[in-house]
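**Student:** got a sequence here, can you model it:
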Amino acid sequence: MPTKLMMIFVGMDFVFAGCGGLLLGFSLMSEQRLRDSPTVNNVAENLLLGKCPLTAGVVNAIFIFVTFLLSLPALFLPMNRGWLRAQGWLVVICATFTLGLGLSVWIETLQTRSDLGSLWAKEAPLMQSLLQQKFNCCGYFNSTSPPFVMDSTCLSSLVAAQKGGCIAPFSTFANTYLDQIFTAAFGIVGVDMLVLLCVAMVLQYRQEQERYRHIDEKLGLGGM
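**Tutor:** You can find the predicted model right below:
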């Protein structure tokens with residue numbers, strides 16, 4: 001009958017694999033979204049996702065799945081410690097990888113306003129117009145710097161001057177959206193640490209069992 005420790009270990013191992021699925025699903029769906037035609041509903045998200053390391057997220061998810069598969073022999077070999085050690089090192093690699101992805105997104109939030117200004121300047125008038133419609137604003141800093149794009153939201157210079165620039169609502173949206181992404185990444189790192197703790201405890205448990213078995217053999221109790 002499996003011990004409570006092994007049941008917890010198995011549960012955390014599957015949660016670990018689930019995090020890999022979450023990371024893979026988010027990265028693939030985000031890459032698919034980037035190929036969609038821009039609309040008012042997706043324009044801001046797509047611009048931000050284009051700055052995220054989505055391909056690296058797919059690679060990270062693959063590492064997580066490989067680590068999970070390599071952990072299975074440790075479940076079916078109750079006295080083996082080699083597979084557990086290998087899993088532990090791979091979990092450390094996965095956690096470091098995920099932490100790097102989360103930090104890269106977090107760093108983006110520290111320079112949101114300057115980065116979004118450069119991003120806005122590079123976009124075509126159509127994209128700027130969609131952003132104006134989404135955030136109900138005109139121009140980036142204000143209606144004249146840079147000049148706003150005339151559309152259904154900014155019908156004239158007078159209307160544009162009254163609405164104000166997009167810098168505040170766009171920056172707020174970007175920070176909130178990116179906060180969710182890097183918080184999720186750091187959450188996955190937390191799961192990795194719990195899995196690593198479980199691996200360490202199972203290793204310790206199996207080492208003790210092996211020591212007791214050797215003691216019993218020396219005392220001639222190996223068959224009992």
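
**Student:** which residues in this protein form helices?
**Tutor:** 4-34, 43-49, 54-76, 82-110, 112-122, 125-135, 157-163, 167-218 (DSSP state H).

**Student:** surely residue 53 touches residue 104?
**Tutor:** Yes: the pair residue 53 / residue 104 is scored as a contact, 5.8 Å apart, by Cβ atoms under 8 Å. In short, each C-beta sits where N, CA and C put it, glycine included.

**Student:** give me the common contacts of those two.
**Tutor:** When Cβ atoms under 8 Å, 6 or more residues apart in numbering defines a contact, no residue borders residue 53 and residue 104 alike.

**Student:** so where's the chain uncertain?
**Tutor:** For the chain, the stretches flagged by pLDDT under 70 are 1-2, 212-224.

**Student:** can you pull the contacts of the nearest residue to residue 64 once chain neighbours are set aside?
**Tutor:** Distance criterion Cβ to Cβ, 6 or more residues apart in numbering; nearest residue to residue 64, sequence neighbours excluded, is residue 20 at 3.2 Å. Each residue near residue 20 by Cβ under 8 Å, 6+ apart is listed here: 60, 61, 64, 65, 68.

**Student:** hmm, the fourth one is touching residue 18, no?
**Tutor:** No: counting by Cβ under 8 Å, residue 65 sits too far from residue 18 to count as a contact (10.8 Å).

**Student:** what about the residue sitting nearest the centre point of the chain, distance to residue 138?
**Tutor:** Closest residue to the average C-alpha location of the chain: residue 185 at 3.4 Å, with Cα atoms, centre = their mean. Distance of residue 185 to residue 138, computed by Cβ to Cβ, to the nearest Å: 35 Å.

**Student:** ok, back up a step: TSV for the helices of the chain, including distance to residue 147?
**Tutor:** Formatted as TSV, the helices of the chain follow (distance: least, Cβ to Cβ, whole Å):
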stretch	distance to residue 147
helix 4-34	27
helix 43-49	19
helix 54-76	33
helix 82-110	27
helix 112-122	11
helix 125-135	10
helix 157-163	9
helix 167-218	15
